[in-house]
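Visitor: Task: produce atomic coordinates for the following.
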Amino acid sequence: MSNNKHLLYVLNSGVDRPPATLYAPFALANTAKSMNIDATIYVMGTGSQVLKKGIAETIKSGNLPTLKEMINQALTAGVELMVCSQSMRILKIEPDDIIPEAKIVGFATLNNLALEVDATMWF
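Guide: So this is what the prediction gives:
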């Protein structure tokens, strides 16, 4: 991590929510990176479903790109992507089910990030 400002986006909404809710953290994190702001997305709860292989490709809203394309844009920009291991266990999501770009971490990581970053946003 650099000496830049750092924003944390937490996605706790799953595939049952409107696509705009799911797109928001990825679009905002991508924008942050374009502004030279470090960005991390922590996915937990039912949000973990969107990181299952093959799911994000099916989420699309209007003329926007698929959620998978939004995720890829954020990753290409250097956004760090994390998924909560406890949420995965609760939802019976196996590590091999998650896209390989997501780092599997625990609750302590979220607590530490919240203490270290300049601001957090929840979706």
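Visitor: From here on, just use CA atoms for contacts and neighbour counts.
Guide: Fine.
Visitor: where do the helices sit along this structure?
Guide: 19-34, 67-77, 85-90, 107-116 (DSSP state H).
Visitor: Let's have these in CSV, adding mean neighbour count, mean pLDDT and distance to Phe123.
Guide: Below are the helices of the chain laid out as CSV (neighbours: other Cα atoms under 10 Å; pLDDT from 0 to 100; distance: least, Cα to Cα, whole Å):
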stretch, mean neighbour count, mean pLDDT, distance to Phe123
helix 19-34, 20, 95, 6
helix 67-77, 19, 97, 15
helix 85-90, 17, 97, 16
helix 107-116, 13, 97, 14
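Visitor: Please list all residues in contact with Leu91.
Guide: Each residue near Leu91 by Cα atoms under 8 Å, 6 or more residues apart in numbering is listed here: Thr46.
Visitor: where's it relative to Cys84, distance?
Guide: Going from Leu91 to Cys84 by Cα to Cα, to the nearest Å gives 11 Å.
Visitor: What of Lys60?
Guide: 24 Å.
Visitor: More neighbours: which of these two?
Guide: Cys84 (22 against 18; other Cα atoms under 10 Å).
Visitor: Dig out what that one forms beta bridges with.
Guide: Val105 (DSSP bridges).
Visitor: Surely it is in contact with Ala108?
Guide: No. Between Cys84 and Ala108 there is no contact under Cα atoms under 8 Å: 9.7 Å.
Visitor: Grab the most central residue of the chain for me.
Guide: Nearest residue to the geometric centre of the chain (Cα atoms, centre = their mean): Ile41, 3.8 Å.
Visitor: tell me the contacts of it?
Guide: For Ile41, counting by Cα under 8 Å, 6+ apart, the contacting residues are 8-11, 25-26, 29, 79-82.
Visitor: If any of those residues are buried, put those into a ChimeraX selection.
Guide: The buried residues among those can be selected in ChimeraX (16 or more other Cα atoms under 10 Å) with this line:
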select :8,9,10,11,25,26,29,79,80,81,82
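Visitor: how about JSON lines for the contacts of Ile41, with distance to Met70 added?
Guide: As requested, the contacts of Ile41 are exported to JSON lines (distance: Cα to Cα, whole Å):
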{"residue": "Leu8", "distance to Met70": "17"}
{"residue": "Tyr9", "distance to Met70": "14"}
{"residue": "Val10", "distance to Met70": "16"}
{"residue": "Leu11", "distance to Met70": "14"}
{"residue": "Pro25", "distance to Met70": "10"}
{"residue": "Phe26", "distance to Met70": "6"}
{"residue": "Ala29", "distance to Met70": "10"}
{"residue": "Val79", "distance to Met70": "11"}
{"residue": "Glu80", "distance to Met70": "13"}
{"residue": "Leu81", "distance to Met70": "12"}
{"residue": "Met82", "distance to Met70": "15"}
